[in-house]
Every structure is written in structure tokens, then in C-alpha cells.
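Engineer: give me coordinates for this.
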Amino acid sequence: MAREPQQERSRTTRRRLIDATVECLAERGWAGTTVGVVAERAGVSRGAAQHHFPTREDLVVATVEFLAEEQITEVRRRAETLPPGRGRAEPVARMLLNLYTGVKFRAALHLWVAASTDEALRAVLAPLEAKVGRESHRVAVELLGADESRPGVRETVQATLDLARGLGLADLLSDDSKRRQRLVRQWAKVLEPIVGEAADRASAS
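Structural biologist: Numbers count the residues shown, from 1 in each chain. Below is the predicted model of the structure:
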């Protein structure tokens, strides 16, 4: 009986440390995000933080994996509310083009920039980001019902995600939401044939 509360406390502490890591990265960047700073932000002792994450790199791995899982879970949850058939194109475009905004994207961006000049961090981050990229692509394919055996479809899906990252960058310095909405409507027209083919396949089955 005593193990359950301990396990729950351990999960809670890990989550507080990960949340604090995201906040510190977004505010201070990689250089200012140390285990000690994160522990203080999370309200735990440095020893407790290092028990869960002995190094800063361990924190990064856990944080990137957590952010990716949370993002994918949220996208799939929202996808359940989308209309079926051809009407999905614009809401799917809006969902995908808003993927890379907010504090979590800002935190991830600091890691990418730091990894471009830090070989040790890049060695940790590159395989994680490749895994996250594959999962993001897979989810986009699911949302669109895309048939990637069709010429150009895979490239269009990837271009959607690349566009989303670019829009996320544009939003870092100023509120870019109005321009993004115009782009959503235009990009939905690019995605309509893909969504339309999926709707046709569904109705024929």
C-alpha cells in the first residue's frame, strides 16, 4: 500500500521538473537552463532533481519526448471533433498550421538553436527530433486521410509541416495570427484534393 503514494509522488515530481524545464528554456534558453535552475523553478531540491534526471541532457530527452507525446495526443483529441468528408480540409489545415506556436515551440526552438553549435546536445537531440518528425508526419497523414502512394502527396504533407514550423517562427516576434488565418484558407485549397480523394475512398468502401 505504501508504494502507490511513492510512485505517484515520483510521477508528480518528474512532471513538475519537465514543466519547469519548458518554462526555463522558453525564458532563459539552453545556456540558462541548468538542473539547479530547473529544480528551483519546480520547487524541489537539486538532489531530488538529479535523482530523476542526473544530467541536463537527461532532462532534455524527457522534455522533448513529453512535449511530442502531449502535442500528438492533443491533435488526435481535437481531430475527433472535425467534420467528415471534404469539409475537413480547412479545419485540418488550421490545426496543422497552428502546431508550432506558443511556449512549448519556443522552448523547442531554443534547443534546436543550441544544438546547431553544441555537438553533445545535437547527438542527443537529433535522433529524438527525427522520431518526433516521423510521428508528426504520420498524424498529418491520418488527419488528411492521405494516400502517399499518389504522386506528390507525401511531399505536400511534409510541406504542410514545414510551413507550420515557418509560421511558428514568424509568430515568435509578433502576433502573426491574422496572416496565418489567410494562409490557412489558401493552404486548405492545396489540401482539398487529398481530403477529397480520402472522402471518395471512404464513400466507396
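Engineer: pretty sure Ser116 contacts Arg122?
Structural biologist: Yes: using Cβ atoms under 8 Å, Ser116 is in contact with Arg122, at 7.2 Å. Every residue, glycine included, has its C-beta placed from N, CA and C.
Engineer: the helices in this structure, which residues?
Structural biologist: 3-28, 35-42, 46-52, 56-79, 89-97, 102-115, 119-144, 153-173, 177-204 (DSSP state H).
Engineer: need these in a markdown table (columns: mean pLDDT and mean neighbour count).
Structural biologist: Output for those, formatted as a markdown table (pLDDT from 0 to 100; neighbours: other Cβ atoms under 10 Å):
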| stretch | mean pLDDT | mean neighbour count |
| --- | --- | --- |
| helix 3-28 | 86 | 16 |
| helix 35-42 | 94 | 19 |
| helix 46-52 | 91 | 16 |
| helix 56-79 | 85 | 16 |
| helix 89-97 | 90 | 22 |
| helix 102-115 | 85 | 18 |
| helix 119-144 | 89 | 16 |
| helix 153-173 | 90 | 16 |
| helix 177-204 | 87 | 15 |
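Engineer: picking up where we left off before, which neighbours do Ser116 and Arg122 share?
Structural biologist: By Cβ atoms under 8 Å, 6 or more residues apart in numbering, Ser116 and Arg122 have no common neighbours.
Engineer: and Pro91, what does it touch?
Structural biologist: Pro91 touches 82-83, counting by Cβ under 8 Å, 6+ apart.
Engineer: for it, give its distance to Thr81.
Structural biologist: 9 Å (Cβ to Cβ, to the nearest Å).
Engineer: per the annotation, how does the protein divide into domains?
Structural biologist: 1-54, 56-204 (automatic domain parsing).
Engineer: what is the end-to-end distance of the longest one?
Structural biologist: What that stands for is domain 56-204. End-to-end distance for domain 56-204: 53 Å, by Cα to Cα, to the nearest Å.
Engineer: centre of the chain to it, how far?
Structural biologist: 7 Å (Cα atoms, centre = their mean, to the nearest Å).
Engineer: can you get me the start-to-end distance on stretch 112-119?
Structural biologist: Start-to-end, stretch 112-119 (Cα to Cα) is 12 Å.
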